[in-house]
Each structure stands twice: as structure tokens, then as C-alpha cells.
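A.B. asks: How does the following fold in three dimensions:
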Amino acid sequence: MRRFVSRRYESEEESAIDVTPMLDVVFIMLIFFIVTATFVKEAGIDVNRPDATTAVVQAAGNILVAIDAENRVWIDRREIDLRAVRPNIERLHAENPQGTVVIQADRASTTETLIRVLDSARAAGVANVAVAARQP
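C.D. replies: The predicted structure follows:
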């Protein structure tokens, strides 16, 4: 009778599943997804963009500049002075030389502010500058 009990204990021991290899694979996949993820930078505010029938969907720009209805300029969720637009764009463009600048201007903002931001971006050495619009 004693042999029967020991066999039962041995069979329970053999049926245990080792999950260590599975955890290794899960952690490797987690590290892979964290390393390869692209992080989206936002300008910092919601902008009511104007409609344009010729608007083209473009890959997300690396440098987003937003102009709100009160003509305040935002970069990386920070409100900045209009005179500080060029140095900020130069710094961000130095980090990513292939990056483009996308200006998100509110439809209530003035054209003067938009042109000043556009000139600052071009003066910072960025060749690709786009103005964001919605498709109707």
C-alpha cells in the first residue's frame, strides 16, 4: 500500500509545468516593443484647424507648433514667446535633422502670427514646413 502512495506523489510532481521560459519570452517581447515604439509629440493644445479641399494626409511631423485662437504659440506643451520660436525649432531640428515642422494654426488666429512662425521655422534652417488643415 505504501508503494501506491509514493507513485501518486511522483506522478503529481511530473505534471508540473515550468513557466520560466514563457516569462523569458514575454519579457523579451516587452523590451522589443518598448525599444521600437515611436512616441508622438504633441504641440500641447487642441486647435480648430480650417478646412481645405486639397488637404493631403501627411506622416506625422516631428516638430509640431500650435497657434491658438489668442495667437499664443505652443511647442512641446509649453507656451513660448513668438521671439523664442526660432531657437526652439533650431534645437528640435538639431536633434532630428530629417524632421519636418507642422504648424497647426487655429482658424481664429491671425495670418500675421502664422507668417511669423513660418518665417522663424525657415530661418531656423528647416526646408519642409507644412500648415495643418482638416479635410472637409
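A.B. asks: Show me the shaky parts of the protein.
C.D. replies: The chain contains residues with pLDDT under 70 at 1-15, 38-61, 136.
A.B. asks: domain ranges for it?
C.D. replies: Per automatic domain parsing, the structural domains of the chain span 2-36, 63-131.
A.B. asks: Now render these as JSON lines, adding mean neighbour count.
C.D. replies: Every C-beta, even on glycine, is put in place using the N, C-alpha and C of the backbone. Below are the domains of the chain laid out as JSON lines (neighbours: other C-beta atoms under 10 Å):
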{"stretch": "domain 2-36", "mean neighbour count": "9"}
{"stretch": "domain 63-131", "mean neighbour count": "17"}
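A.B. asks: Touching, Glu90 and Arg122? I think so.
C.D. replies: No: Glu90 lies out of contact with Arg122 (C-beta atoms under 8 Å); the separation is 11.5 Å.
A.B. asks: Overlap of the contact sets of those two?
C.D. replies: Shared contacts of Glu90 and Arg122 (C-beta atoms under 8 Å, 6 or more residues apart in numbering): none.
A.B. asks: What are the boundaries of the helices in this protein?
C.D. replies: Remark: helices assigned in the chain by DSSP state H are 2-14, 20-36, 85-95, 111-123.
A.B. asks: Tell me which of those sits nearest to Val65.
C.D. replies: Nearest to Val65, of all these, is helix 111-123, at 5.8 Å by C-beta to C-beta.
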